[in-house]
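In: sequence unavailable; structure follows:
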Ligand SMILES: [Zn+2]
Ligand SMILES: [Zn+2]
């Protein structure tokens, strides 16, 4: 693996559980570690690492892609995503993986990853009167506090 990819891998290996990074967020974290990799190299590397089966490319509700480590069983997990505010939780379900493995075996394919994304509306959005009573940019408190934590850690660095 190239030194750049080693560095990117290291960032993902040290992420707290349940974190998913966009290429931009990854770029910020790499710089925080005192490394310099250009954003365009980051974009290229994560794409390639996803194709190598090292990273998982996630199509969460938000427009841009997020990445996390592609972890084999038993750390394998799926996502529940709120389509209003992108609040994302992870869950495990081995039966989905088992069914997929069986299907792959039958056809001679090698399984690299198996991910289920369940589109939802979070409890807070329901309480707030989704869909008609909510402004389009409304966000639940959990997502707002996560966003603030991220912004603060970037500020400390600068
Ligand atoms: Zn995840
Ligand atoms: Zn929500």
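Out: Right, received. Where do you want to start? Since the structure is predicted, the reported quantities are computational estimates derived from the model, not experimental observations. Ligands and ions are numbered 1, 2, ... in the order given.
In: which residues of this protein score low on pLDDT?
Out: 61-63, 153-158 (pLDDT under 70).
In: anything in the helix ranked longest in the chain near ligand 2?
Out: Ranked by residue count and defined by DSSP state H, the top helix of the chain is helix 141-157. No - shown here: helix 141-157 not in contact with ligand 2 (Cβ under 5 Å from the ion), separated by at least 6.9 Å. Glycine gets a C-beta too; all of them are placed from N, C-alpha and C.
In: how about the strands in this structure?
Out: 55-58, 66-69, 78-82, 88-91, 117-120 (DSSP state E).
In: what parts of the protein come near ligand 1?
Out: Applying Cβ under 5 Å from the ion, we find that the chain lies next to ligand 1 at 68, 90.
In: and the gap between the residue nearest the centre of the chain and residue 140?
Out: In the chain, the centroid-proximal residue (Cα atoms, centre = their mean) is residue 20; its distance is 3.0 Å. According to Cβ to Cβ, to the nearest Å, residue 20 and residue 140 sit 17 Å apart.
In: now do residue 84
Out: 8 Å.
In: what touches both of those two?
Out: When contacts are counted by Cβ atoms under 8 Å, 6 or more residues apart in numbering, the set common to residue 84 and residue 140 consists of 122, 125.
In: of those two, who's got more company?
Out: Ranked by neighbour count (other Cβ atoms under 10 Å), residue 84 and residue 140 place residue 84 first, with 23 against 19.
In: not counting sequence-adjacent ones, nearest residue to that one?
Out: Leaving aside its chain neighbours, residue 84 sits nearest to residue 125 (4.5 Å; criterion: Cβ to Cβ, 6 or more residues apart in numbering).
In: any idea how many residues pack against that neighbour?
Out: 21.
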